[in-house]
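When you get a sec, could you give me coordinates for this:
(2 chains)
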Amino acid sequence: AQTVTQSQPEMSVQEAETVTLSCTYDTSENNYYLFWYKQPPSRQMILVIRQEAYKQQNATENRFSVNFQKAAKSFSLKISDSQLGDTAMYFCALGSSYSGAGSYQLTFGKGTKLSVIP
Amino acid sequence: DTEVTQTPKHLVMGMTNKKSLKCEQHMGHRAMYWYKQKAKKPPELMFVYSYEKLSINESVPSRFSPECPNSSLLNLHLHALQPEDSALYLCASSPRLAGGRETQYFGPGTRLLVL
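Residues are numbered from 1 along each chain as shown, chains lettered A, B, ... in the order given. Predicted structure coming up:
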C-alpha cells in the first residue's frame, strides 16, 4: 500500500520570504509520480508541480521548486518570494506508474495549511 | 484550456430530495473522476470512468449514482442523502486512466449541504 505523510498541519510565512513544506511517502514501486496540489480557500484544486521518480533533476515551476530525495522518500515543496495568493491548503500526492486496476488512484497526504502574512 | 466546470456551485437539499451534480470538460480527456472532500481533509475517490465506462466504484453507498452520458460530461445523481454526506464534491479529469502518469485536473467543486 502507498502512503503519503505531511507532518506540518499548519504553517505561516511572511510575504516575500521562503517556506518549505515537507512530504514523505512510502511505496514499493521503483517508478512513480509525485504531485503538489494547491487548494485556496473556497477555490479549486490546481496542480502546482509534478515530479517523475525516474528523473533525478528536481522539478521547478517559477517560484515553486521541489527537493526530491528518492532514497529518503522525501518530496518537499519550496515556495520562494511568498505572495498573499499562495495562502492555501497544499496537498502532496503519489501516483502509481502502473495503469492496471487498483493503481489508478492518487494517494493524498492530509495537507498543510499555509498562511502568508502581509 | 485546462478547465473542468461543475454546476451548481452550491446545493442545499433535504434528505428526501433528488438532485444531480454536473461536471464537464472539453479537453478531450477520457478519464473522469468524482471525489468527496470534507473540510480540512484530502479528497476521497468515489468513482472513476474511463471511456464512458465505470472503472472504479470505491464502495460508495447506492444513494450516490454516477452517470457518464458522453466523453465530456459526468453526472452524479443524489437521492435520500444523509447529513453526513454534506461535503465538497470534486470532479476531475485526465487524458487517460493511467495512474500517476496522467495528471488530474480538478473542477471548482459543488458544496453540498444536506439538511
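
got the contact list for whichever residue of chain A sits closest to chain B?
Of the residues in chain A, the one nearest chain B is residue A:95, at a distance of 1.9 Å by Cβ to the nearest Cβ. Bear in mind the C-beta positions are built from the backbone N, C-alpha and C, glycine included. Residues in contact with residue A:95 (Cβ atoms under 8 Å, 6 or more residues apart in numbering or on different chains) are A:32, A:33, A:34, A:35, A:105, A:106, A:107, B:99, B:100, B:101.

For residue B:101, see how far away it is.
Computed with Cβ to Cβ, to the nearest Å, the distance linking residue A:95 and residue B:101 is 7 Å.

Now list whatever residues contact both of the two.
residue A:33.

Can you give me the distance of the residue nearest to residue B:51 when sequence neighbours are not counted to chain A?
Of all residues not flanking residue B:51 in the chain, residue B:30 sits nearest, at 5.2 Å (Cβ to Cβ, 6 or more residues apart in numbering or on different chains). Using Cβ to the nearest Cβ, to the nearest Å, one gets 12 Å for the distance from residue B:30 to chain A.

Centroid-nearest residue for chain A?
The centroid of chain A falls nearest to residue A:36 when counting by Cα atoms, centre = their mean (3.0 Å).

What is the three-state secondary structure of that residue?
For residue A:36, the assignment made with DSSP: H, G, I helix; E, B strand; the rest coil gives strand.

Settle this for me: it is touching residue A:48, isn't it.
Yes - because the distance of 4.3 Å satisfies Cβ atoms under 8 Å, residue A:36 is recorded as touching residue A:48.

okay, and the common contacts of the two?
Shared between the contact lists of residue A:36 and residue A:48 (criterion: Cβ under 8 Å, 6+ apart) are residues A:64, A:77, A:90.

Checking the last one next. Helix, strand or coil?
When you say that, I think you mean residue A:90. Assignment for residue A:90 (three-state DSSP): strand.

lowest average confidence, helix or strand, in chain B?
Across the helices and strands of chain B, mean pLDDT, DSSP states H and E gives its lowest value to strand B:53-57, namely a mean of 84.

next SSE after that one?
Scanning the chain past strand B:53-57 towards its C-terminal end, the next helix or strand to appear is strand B:64-70 (assignment: DSSP states H and E).

Relative to that following strand, what are the paired strands and their orientations?
Strand partners for strand B:64-70, identified by DSSP bridges, are recorded as strand B:73-79 (antiparallel).

Contacts only, for the closest residue to chain A within chain B.
Shortest chain B-to-chain A distance, computed as Cβ to the nearest Cβ: residue-wise this is residue B:100, at 1.9 Å. Listed by Cβ under 8 Å, 6+ apart, the contact partners of residue B:100 are A:32, A:33, A:34, A:35, A:94, A:95, A:96, A:97, A:106.
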